[in-house]
Structures are given as structure tokens and as C-alpha cells.
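Novice: I would like the atomic coordinates for the input below:
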Amino acid sequence: MGNIFSGSEIVGIGVQIEKNGRDFYNTLALGSKIEKDRDMFKFLAGEEEKHIVVFQGILNQTAEYVPLESYPGEYFEYMNALAGEYVFTQKDKGVEIAKSILSDAEAIELGIGFEKDSIIFYEGMKKVIPGYDFVIINQLIEQEQNHLKMLTELKHSI
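Specialist: Numbering: from 1, shown residues only. Prediction:
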């Protein structure tokens, strides 16, 4: 069996995802030549920064949490699979990817994909964090859904 994450490690992955998202959107804002797109990227970077703070708060409470499972390691294996497939779990990937983008349209398309991946990851995270943090995670998911909607609207306007 591969690497199994603890609840706190999974929340830590959430922090890394948000840091990469912030760096991705900040880098896009610096490179965008279209004011409307640049403003959107700056806004999204600020939102990701807020999420980092929220996850840090959750992280301070999850160190000892162990979820109910139908077999040992069930949820952590699932989260390991999700994290292994999600590029934004890797440190410094946000800037690296943003620097390789050739157009705002490509950036928006990638942003849409990253927001979708974040939603899936955070839905899975709810299985490995204490129930009292569900409200917070649900709020973050709702914000990510709003980001997805904003990016989709921006995509249709270009």
C-alpha cells in the first residue's frame, strides 16, 4: 500500500492547493494584457489567500481526528488517489503552470479545470475531517463553485 495521509496531512494538502491557486492567479494577473481578465485573476488570487487562512484554522484542529471507515485506511487511500492526480498538490506548480500559458483563453480554461478539481478534492476531504468542520468546507466548496461560474462566464465573454 502507498502513502496514507492523516487528516491533518489532507488539510495540509488543501493549504498547498490554495497556495498554488493563489500563485497561479497572481502570475496570470501580472501577464494578462486584458484589464477585465487581469481584474478577475487578481480577485481569484485574493480569494485563494482567504482560503489558506481558513484551512490553517482547520489544520490546527484536525491532528488527532480519525474518520469512521468500512476498512482501515479507506478514506485516506481515496484522498491519496485524488491528491496524486491533482497537479496543484505539488509545491510551486501554480507559478510553473501559469508561466507556460500562451493566452488568457488558455489560462481561463485551466482555471476552470483547477476549480473543478478543487471542488472534487474538498468534497472528498469531508470524509476525513471532523463533522464540525463540514460547514467551513461547504462554504469553501460554494466559493469554488462561484469561482467556476465566474471563470465560465469570462470564458464565454471572450
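Novice: to the chain's geometric centre, what's the distance from stretch 107-114?
Specialist: 12 Å (CA atoms, centre = their mean, to the nearest Å).
Novice: Dump it to CSV, restricted to CA.
Specialist: Presented in CSV, the C-alpha positions along stretch 107-114 are these (Å, rounded to 0.1, in the frame of the first residue of the first chain):
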residue,chain,number,x,y,z
ALA,A,107,-5.5,30.5,-18.6
ILE,A,108,-9.2,30.6,-18.1
GLU,A,109,-9.7,27.1,-19.4
LEU,A,110,-7.0,25.8,-17.0
GLY,A,111,-8.5,27.8,-14.1
ILE,A,112,-11.9,26.2,-14.8
GLY,A,113,-10.2,22.7,-14.6
PHE,A,114,-8.4,23.6,-11.4
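Novice: quick one: average pLDDT of it?
Specialist: Stretch 107-114 comes out with an average pLDDT of 91.
Novice: Would you point out the helix or strand in this protein whose mean pLDDT is lowest?
Specialist: Across the helices and strands of the chain, mean confidence by mean pLDDT, DSSP states H and E is lowest for helix 74-85: a mean of 69.
Novice: Which strands or helices does whichever helix or strand comes after it pack on?
Specialist: Per DSSP states H and E, the first helix or strand lying C-terminal to helix 74-85 is helix 93-99. Here helix 93-99 touches helix 7-31, going by 3 or more CB pairs under 8 Å, 6 or more residues apart in numbering; DSSP states H and E. From N, CA and C alone the C-beta is placed, and that goes for glycine too.
Novice: For the helix it packs on, enumerate the helices and strands it packs against.
Specialist: Counting by 3+ CB pairs under 8 Å, 6+ apart, helix 7-31 packs on helix 35-59, helix 74-85, helix 93-99, helix 104-125.
Novice: What average pLDDT does it get?
Specialist: 85.
Novice: Okay, angle between that helix and helix 104-125 too, please.
Specialist: 170 degrees (axes from the mean of the first three to the mean of the last three CA atoms, to 10 degrees).
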